[in-house]
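**Student:** show me the folded form of this:
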Amino acid sequence: MLSDDARLDAAQALWDAEFTQTPIAPLRETWPDLDVVDAYEIQLINIRKRMAQGATIHGHKVGLSSKAMQEMMDVDEPDYGHLLSDMEVFTDRPVPASRYCTPRVEVEVGFVLGETLPGVGCTEADVIAATEFVAPAIELIDSRIEGWNIKIGDTIADNASSAGYVLGAERVKPDEIDLKTINARLLCNGEQVAEGRSDAVLGNPVTAVAWLANKVASFGVTLEAGHVILPGSVHRAIDVHPGDKFVAQFDGLGSVSLNFT
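**Tutor:** The predicted structure is shown next:
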């Protein structure tokens, strides 16, 4: 467990790394006593700082939603981060790759809530009932840690390595599609570079959203109407290079694109 001063120092180091695009050594090396509780508190320090500067909460993302990633991080549950208004990117506005340290992209089924979810005790049925629609999504991830050399405390403190997100135009009611069997492909500069299926996310992305509602409730947070929820990637993360043009195609759910300069 870290002192309050150490948490503030770690948060500042991540803040400086993000806004100067200069990654830092793993937090676990600089602060060996860092634990998961510290990491979430460090994340919240920087989230509150950005909100004080005018950003608003647009939603949350779930990370480590595959068993393979959990085993690699030596954890038995996912983690989460915040999606803020200043993190939203758009299909018609190319994003400068130089804005980030080491950016990557992931394909996800995005959930947009029409009703606020219950916290403790939230079920998959609650998620279906509260979801206004699902949409094709790309999450832009980044690590403010050198070389993506991360363990669980590093990534949680670093807002679960989140950096941006974009939703496609398609809107589908959750009861109009089998959310466990959506096949998706990611194309980069016209060539397929990854593919996956929505059940790669805890067997069902709805399960990830229900887990998130329960998890954030322990921090006094609710998933509110209008929030975007990204439940986790259907494939491994793909590196971004300047000039890359990505298109994510989903069976039955349309597509979404994201371009980099």
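
**Student:** off-centre distance for stretch 51-69?
**Tutor:** Between the mean C-alpha location of stretch 51-69 and the chain-wide mean there is a distance of 5 Å, by C-alpha atoms, centre = their mean, to the nearest Å.

**Student:** dump the residue contacts of Arg236.
**Tutor:** By C-beta atoms under 8 Å, 6 or more residues apart in numbering, the contact set of Arg236 is Ala194. Backbone N, C-alpha and C define where each C-beta goes, glycine included.

**Student:** dihedrals phi and psi, it?
**Tutor:** With angles defined as degrees, to the nearest 10, Arg236 shows backbone torsions of phi -70, psi 150.

**Student:** was I right to think Asp33 contacts Ala10?
**Tutor:** No: Asp33 lies out of contact with Ala10 (C-beta atoms under 8 Å); the separation is 10.9 Å.

**Student:** nearest residue to Phe219 in space, please, no chain neighbours.
**Tutor:** When the adjacent residues along the chain are set aside, Phe219 lies closest to Tyr40, with 7.0 Å between them (C-beta to C-beta, 6 or more residues apart in numbering).

**Student:** how about Trp211?
**Tutor:** Using C-beta to C-beta, 6+ apart, the closest residue to Trp211 is Pro78 (6.3 Å).

**Student:** the one you found and Gly63 touch, don't they?
**Tutor:** Yes: using C-beta under 8 Å, Pro78 and Gly63 qualify as a contacting pair, with a distance of 6.0 Å.

**Student:** residues shared between the contacts of those two?
**Tutor:** Gly232.

**Student:** more neighbours: Asp33 and Ala10, which one.
**Tutor:** Under the neighbour definition other C-beta atoms under 10 Å, Asp33 and Ala10 were set side by side, and Ala10 has more, 26 against 11.

**Student:** just the pLDDT at the more buried one, thanks.
**Tutor:** Confidence at Ala10, expressed as pLDDT, is 98.

**Student:** tell me which residues in the helix or strand containing it are buried?
**Tutor:** Here Ala10 sits within helix 4-20, counting by DSSP states H and E. Buried residues in helix 4-20, counting neighbours by 16 or more other C-beta atoms under 10 Å, are found at 6-7, 10-11, 13-14, 17-18.

**Student:** same thing with stretch 137-154?
**Tutor:** 137-145, 148, 150-154.

**Student:** list the residues that contact the residue positioned nearest the centre of the chain.
**Tutor:** With distances taken as C-alpha atoms, centre = their mean, the chain has Lys61 as the residue nearest its mean C-alpha position (3.7 Å). For Lys61, the contacting residues are 80-83, 139, 160, 162, 165, 229-230, 232, taking C-beta under 8 Å, 6+ apart as the criterion.
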